[in-house]
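>>> One predicted model, sequence on top.
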Amino acid sequence: MPQALPTCRCGHDRHHHMVSAKGRYSTMGWFTLLIGVTARPRAVEYWCRRCGERFDSTADPDVLAKHC
Ligand SMILES: [Zn+2]
């Protein structure tokens, strides 16, 4: 059974259109970005653009691949 996804205080989960995903990079990841190499984020964080709450994150490789 899939677990219920975390939601922000508005009740939005990571798939809501008001929720943005932002890659979180390691220090080495930032460095490779600076020199123009595409780095894969270490984790992806989800934050709500309505309330500004960061309520979820994932390190799922399949999800990270979509954000590189
Ligand atoms: Zn919200």
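Thanks, I have it.
>>> switch to C-alpha atoms for all contacts and neighbour counts from now on
Fine.
>>> which residues in the chain form helices?
27-34, 61-66 (DSSP state H).
>>> interface residues of this protein facing the ion?
Residues of the chain found near the ion (C-alpha under 5 Å from the ion) are 8, 10, 48, 50-51.
>>> which of these sit farthest apart?
8 and 50 (9.6 Å; C-alpha to C-alpha).
>>> Show me which of those two is the more surrounded one.
Counted by other C-alpha atoms under 10 Å, residue 8 and residue 50 do not tie: residue 8 has more neighbours, with 19 against 12.
>>> that older thread, generate CSV for the residues of the chain next to the ion, with pLDDT and distance to residue 39 as supplementary columns.
Formatted as CSV, the residues of the chain next to the ion follow (pLDDT from 0 to 100; distance: C-alpha to C-alpha, whole Å):
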residue, pLDDT, distance to residue 39
8, 97, 28
10, 97, 32
48, 97, 24
50, 97, 29
51, 98, 29
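>>> any chance of these in a markdown table, plus distance to residue 23?
Converted to a markdown table, these look like this (distance: C-alpha to C-alpha, whole Å):
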| residue | distance to residue 23 |
| --- | --- |
| 8 | 18 |
| 10 | 22 |
| 48 | 14 |
| 50 | 19 |
| 51 | 19 |
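>>> pretty sure residue 64 is touching residue 42, no?
Yes - Residue 64 lies in contact with residue 42 (C-alpha atoms under 8 Å); the separation is 7.4 Å.
>>> got any residues that touch both of the two?
Residues touching both residue 64 and residue 42 (C-alpha atoms under 8 Å, 6 or more residues apart in numbering) are residue 23.
>>> returning to that earlier point: is it possible to get TSV of the helices of the chain that adds mean neighbour count?
Shown next, in TSV, are the helices of the chain (neighbours: other C-alpha atoms under 10 Å):
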stretch	mean neighbour count
helix 27-34	13
helix 61-66	12
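>>> okay if I get those helices as CSV plus distance to residue 14 and mean pLDDT?
Output for the helices of the chain, formatted as CSV (distance: least, C-alpha to C-alpha, whole Å; pLDDT from 0 to 100):
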stretch, distance to residue 14, mean pLDDT
helix 27-34, 23, 70
helix 61-66, 12, 84
